[in-house]
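In: mind folding the following:
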Amino acid sequence: MKTIQLSLIILLFSNLLFSQSFQDKPSNEANGNFPANWDIVKGTAEIATLNGEKVIALGNQAIIKPLLDTKDYLSKAFTLEFDAYFDSSEKGLIYQYYQVRFWEGANVGVEESSSGTNKLFPLKFYRHGADLQQRIPDAPSSYKQYIPELESIEPLWRHIKIDFKDDNLKFFINEIQVLNIPRLTFPLKIISIEGYANRFGTDRNRAIKNIKLTNGSGGQQAGTKIILIVNNETNQVQNIELYETMKDPVLVNKKYPNSIFTKACFMEVID
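Out: Numbering: from 1, shown residues only. Got it, this is the predicted structure:
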């Protein structure tokens, strides 16, 4: 009778789904150039100087999206932050706004499911509030709120933040929570940003800067845990087992009748 000591090595056999992050401060780019880290979806955009700062200036109803290597790069938890410029607004606060989309293209997001057609409208925000509509068969929802203390007709920058986690989307202006949407079921895949201003005879400045997209985990893991049973003397793999199977003492005793699990995660087999 001899004792062979075998190590249990727990591994995760998985696919790693990368979700990228993105950051852009266009301070070193030349005026008139298209933003180097972006792609155009609609309209025009260029690097410009506004109040002494380099910014990404957007043509009216122009839409841009970050240049990233991965398709559908948003993870299940992400934060998007940037600064958005609002010009003077003598004609009304709602006539200048930006829109953020979470899908490809310039239109409404549409997804076909077993329950019917789901739609998500762009997240539209103003200097003093925001609104978002989600249309699901038999359960449409609309979210809108304006913050009185953010009302102003003067030209200004607003810091925008979107937090998304566990299907809960929160939207902030200058760290003030404007929207809190508990169950956003439409799949969020990418981001794009649009600028809009009703001219009323005079065009307005539309600009963004300090853009930062942070995916919550940097990547998502999904897979199956396996255990390698390794001979400590020869370092040879003796067997491969599913982790869930090895947690069942009845099944383990049938396959390894003389085995003992120790606190040091070893299995002793007596021949």
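In: what domains does the record give for this protein?
Out: The chain breaks down into these domains under automatic domain parsing: 3-15+221-270, 20-217.
In: and the last one, average pLDDT?
Out: Here domain 20-217 scores 92 as its mean pLDDT.
In: contacting residues around Glu154?
Out: Neighbour list for Glu154: Ser88 [criterion: CB atoms under 8 Å, 6 or more residues apart in numbering]. Any C-beta I mention is one placed from the backbone N, CA and C, and that applies to glycine too.
In: what about it, which SS state?
Out: coil (DSSP: H, G, I helix; E, B strand; the rest coil).
In: same check, this time on Pro137
Out: Applying three-state DSSP: Pro137 is coil.
In: tell me the spacing between the nearest residue to it once chain neighbours are set aside and Pro140.
Out: Spatial nearest neighbour of Pro137, chain neighbours left out: Gly116 (3.7 Å); criterion: CB to CB, 6 or more residues apart in numbering. To Pro140, Gly116 is 11 Å away according to CB to CB, to the nearest Å.
In: before we move on, what about Arg206?
Out: 30 Å.
In: show me which of the two is the more surrounded one.
Out: Comparing Arg206 with Pro140 by other CB atoms under 10 Å, the one with more neighbours is Arg206, at 25 against 10.
In: skip the chain neighbours and tell me the closest residue to the more buried one.
Out: Using CB to CB, 6+ apart, the nearest residue to Arg206 is Gly195, at 3.3 Å.
In: bridged to that neighbour, which residues?
Out: Judged by DSSP bridges, the bridge partners of Gly195 are Ala62, Tyr98.
In: I'd say it and Thr44 touch.
Out: No: Gly195 is beyond contact range of Thr44, at 10.7 Å (criterion: CB atoms under 8 Å).
In: which stretches in the stretch 1-150 of the chain count as strands?
Out: Assigned by DSSP state E, counting those that start in this stretch, the strands in the stretch 1-150 of the chain fall at 3-18, 22-24, 38-42, 45-50, 53-58, 62-66, 77-86, 96-101, 109-113, 116-120, 123-125, 129-135, 141-146.
In: so which bits of the fourth one are buried?
Out: Same thing as strand 45-50. Across strand 45-50, burial judged by 16 or more other CB atoms under 10 Å covers 45-48, 50.
In: in TSV, list the strands of the stretch 1-150 of the chain along with distance to Thr185.
Out: Output for the strands of the stretch 1-150 of the chain, formatted as TSV (distance: least, CB to CB, whole Å):
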stretch	distance to Thr185
strand 3-18	20
strand 22-24	25
strand 38-42	24
strand 45-50	31
strand 53-58	30
strand 62-66	23
strand 77-86	16
strand 96-101	17
strand 109-113	9
strand 116-120	7
strand 123-125	15
strand 129-135	7
strand 141-146	10
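In: so which of these gets nearest Asn253?
Out: Proximity to Asn253 (CB to CB) singles out strand 3-18 among the strands of the stretch 1-150 of the chain, at 15.2 Å.
In: pLDDT value on Leu6, please?
Out: Taking Leu6 on its own, its pLDDT is 53.
In: go on, the one 3 residues further on?
Out: Per-residue confidence at Ile9 stands at 53 (pLDDT).
In: again, but for Lys263
Out: The per-residue pLDDT of Lys263 was computed as 38.
In: now swap in Asn235 and tell me
Out: pLDDT, Asn235: 65.
In: tell me if I am right that Asn253 is in a helix.
Out: Yes: checked against three-state DSSP, Asn253 lies within a helix.
In: what separates it from Met246, distance-wise?
Out: Taken as CB to CB, the span from Asn253 to Met246 is 11 Å.
In: who has more neighbours out of these two?
Out: Met246 (21 against 11).
In: pretty sure Val100 contacts Leu120?
Out: No: if you go by CB under 8 Å, Val100 and Leu120 don't touch, sitting 11.1 Å apart.
In: Leu58: what's it in contact with?
Out: Leu58 neighbours (CB under 8 Å, 6+ apart): 43-45, 64, 193-195, 206-208.
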